[in-house]
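Student: Coordinates for the following, if possible.
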Amino acid sequence: MDLGTLLGLAIGFIMVVLGIVLGGVGVGPYISIDSVLIVILGSLGAIMVANPLSRVLGMTAYLKHAFNTTNWNEEDLISQLVGFSDRARKEGLLALEDNLDAVEDEFMRKGIQLVVDGTDPDIIKSILYADLEQLQSRHESGAKLFDDWGKIAPAFGMIGTLVGLIAMLGNIGGDSSAIGRGMQTALVTTLYGSFFANLFLIPVKSKLEDRDKEESRVKEIVIEGILSIQSGDNPRILLEKLVSFLPPGQRQAVRQESGGD
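Tutor: Have a look, this model is predicted:
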């Protein structure tokens, strides 16, 4: 579980509630079921119109992806690829088949198998990049879902404002309490729309984009490693190629672990 995401949501929610309480009127006037229905369920209906149903139904999978962190262990991955390169130069590419069962990453195992099978380098590159593009396309779909929702939710807050104003105007000269309820709906619904979009929907979209960058970087490391192994690159050269994908602070540790120093 991504502690930063949970902590951020908690801080954002608590600070808004605290601001409401310090405003002196309590939280009661800010609780409105009709505003929740208009903003959350109304905007959800619009999202179902704008996106395929399968994508909307897969929302929980996208949320799980956003709220969970994955340790990609780039350092271990690079060390493993350098080890494969060293063995391939000493014993030949076919020797790598003995290590396939020990490769946990399915994408990497697929690439090594293609190398062992003697597949043409251009075909290997095409296959692996096609897999990467499909992965990025799925991630883009999830980010788009929350991006659309983040744009639509505030609009439904404005719709709620209009609903409340109409109710208020319809009761002018009549029940004064109904006028107050109409104004409350008008303002609270706008608040809900902005709050829901800016604390949850837009940050989730940004988080999904970050997750895509992280996983895509790992896949690119694997692709570069696979192609270099097949071309017979020196393990030290391969190491330098792969550590270039990492932040500077991680590079020296990987070099030491892989025997690069």
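Student: Going along the chain, name the strands of this structure.
Tutor: Shown for the chain, no strands are assigned by DSSP state E.
Student: which stretches of the stretch 1-150 of the chain have low pLDDT?
Tutor: Of all residues in the stretch 1-150 of the chain, none has pLDDT under 70.
Student: 80 instead, please
Tutor: 1, 24-25, 99 (pLDDT under 80).
Student: how about stretch 58-71: buried residues?
Tutor: 58-59, 62-63, 65-66 (16 or more other CB atoms under 10 Å). All C-beta atoms are positioned from the backbone trio N, CA, C, and that covers glycine.
Student: Tabulate the residues you listed (TSV), appending distance to S79.
Tutor: Listed next are the buried residues of stretch 58-71 as TSV, based on distance: CB to CB, whole Å:
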residue	distance to S79
G58	35
M59	37
Y62	32
L63	33
H65	27
A66	29
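Student: So which of the residues you listed is the closest to M1?
Tutor: Relative to M1, the closest of the buried residues of stretch 58-71 is A66; by CB to CB it sits at 10.8 Å.
Student: Just give the nearest non-adjacent residue to that closest one, would you?
Tutor: Once flanking residues are discounted, A66 sits nearest to K207: 4.4 Å by CB to CB, 6 or more residues apart in numbering.
Student: Pull the contacting residues for that neighbour.
Tutor: Contacts were defined as CB atoms under 8 Å, 6 or more residues apart in numbering; by that measure K207 touches 2, 5, 66.
Student: Identify all contacting residues around stretch 71-91.
Tutor: For stretch 71-91, the external contacting residues (CB under 8 Å, 6+ apart) are 95-96, 99, 103, 105, 108, 112, 214-215, 217-218, 221-222, 225-226, 228-229, 232-235, 238-239, 242-243, 245-246, 250, 253-254, 257-258, 260.
Student: 6 Å - rerun?
Tutor: For stretch 71-91, contacts defined as CB atoms under 6 Å, 6 or more residues apart in numbering pick out 95-96, 218, 225, 229, 235, 238-239, 242, 254, 257-258.
Student: likewise stretch 22-32?
Tutor: 20, 188.
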